[in-house]
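Enquirer: here's a sequence, model it:
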Amino acid sequence: MEFFLRVIADTDDTVLKEVRIKGAASMMNLHEHIFNEFGLNPGEMASFYYSTANWDQGDELPMFAMDDDMPSMEGTSVEQFFSGTKNGLYVYNFLDMNIFYLEVVKTEEEEGFEDFVVLSSVGELPKNESPSTHANAPSKDPSEMSEEELNALYGLDDLDSGALPRSEENEDDSLGYDY
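Expert: Model prediction:
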């Protein structure tokens, strides 16, 4: 069975892709295709959520199971996920909250050769929607940054280092913090 999905980005502009994916593909596979096709940076956490026709968020399908009885993207097929609903939500990068609405447009019993195909595409995510373009995003590896650069990155450059009182209890602090 193949699923024809409409994936709509939650943005001010119209940004959507209509895709075809095999029902036997894992939700992890769908996750990887979505963030690649929308130009998002790999490596961020994501979840799918079951949804009603009104886009009310239901139960979560996380990337990884926390115990053996818990479902996960890897252990759930597209067909299993959409067996009880025609709609789903996909959240990529919980800090930036890239939200996508998934809707089953149709299904077909006969499968094509490709596992995943983009059938049509409208619009592109604005550059500020991508996790890589945060105003505070470091331009280099944080381990290579100076203390001043790190403080500026995390908003600590405005703190007065003498503002915290030194107490007798923390004078022998084994971690070497200077209060």
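
Enquirer: going by C-alpha atoms from here, please, whenever you check contacts or count neighbours.
Expert: Fine.

Enquirer: may I see the buried residues of the longest strand seen in the chain?
Expert: Longest strand in the chain, counting residues (DSSP state E): strand 98-108. Within strand 98-108, the residues that qualify as buried are N98, I99, F100, Y101, L102, E103, V104, T107, counting by 16 or more other CA atoms under 10 Å.

Enquirer: same question for stretch 27-45.
Expert: For stretch 27-45, burial by neighbour count (16+ other CA under 10 Å) applies to M27, M28, N29, L30, H31, H33, I34, F35, F38, L40.

Enquirer: turn these into a markdown table, columns for secondary structure and distance to P62.
Expert: Converted to a markdown table, those look like this (DSSP: H, G, I helix; E, B strand; the rest coil; distance: CA to CA, whole Å):
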| residue | secondary structure | distance to P62 |
| --- | --- | --- |
| M27 | helix | 10 |
| M28 | helix | 9 |
| N29 | helix | 13 |
| L30 | helix | 13 |
| H31 | helix | 11 |
| H33 | helix | 16 |
| I34 | helix | 15 |
| F35 | helix | 15 |
| F38 | coil | 20 |
| L40 | coil | 18 |
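
Enquirer: show me which of the residues you listed is closest to R6.
Expert: I34 (11.0 Å; CA to CA).

Enquirer: where does the closest one land on pLDDT?
Expert: According to the prediction, I34 has pLDDT 94.

Enquirer: could you shift the numbering so residue one becomes 574, and keep it that way?
Expert: Happy to do that; since the first residue is 574 now, the last one works out to I607.

Enquirer: against S719, how distant is it?
Expert: Look at I607 and S719: by CA to CA, to the nearest Å, they are 36 Å apart.

Enquirer: contacting residues around the residue most central in space within the chain?
Expert: The chain has Y665 as the residue nearest its centroid, 1.3 Å off, counting by CA atoms, centre = their mean. Counting by CA atoms under 8 Å, 6 or more residues apart in numbering, Y665 makes contact with F608, E617, M618, A619, S620, N671, I672.
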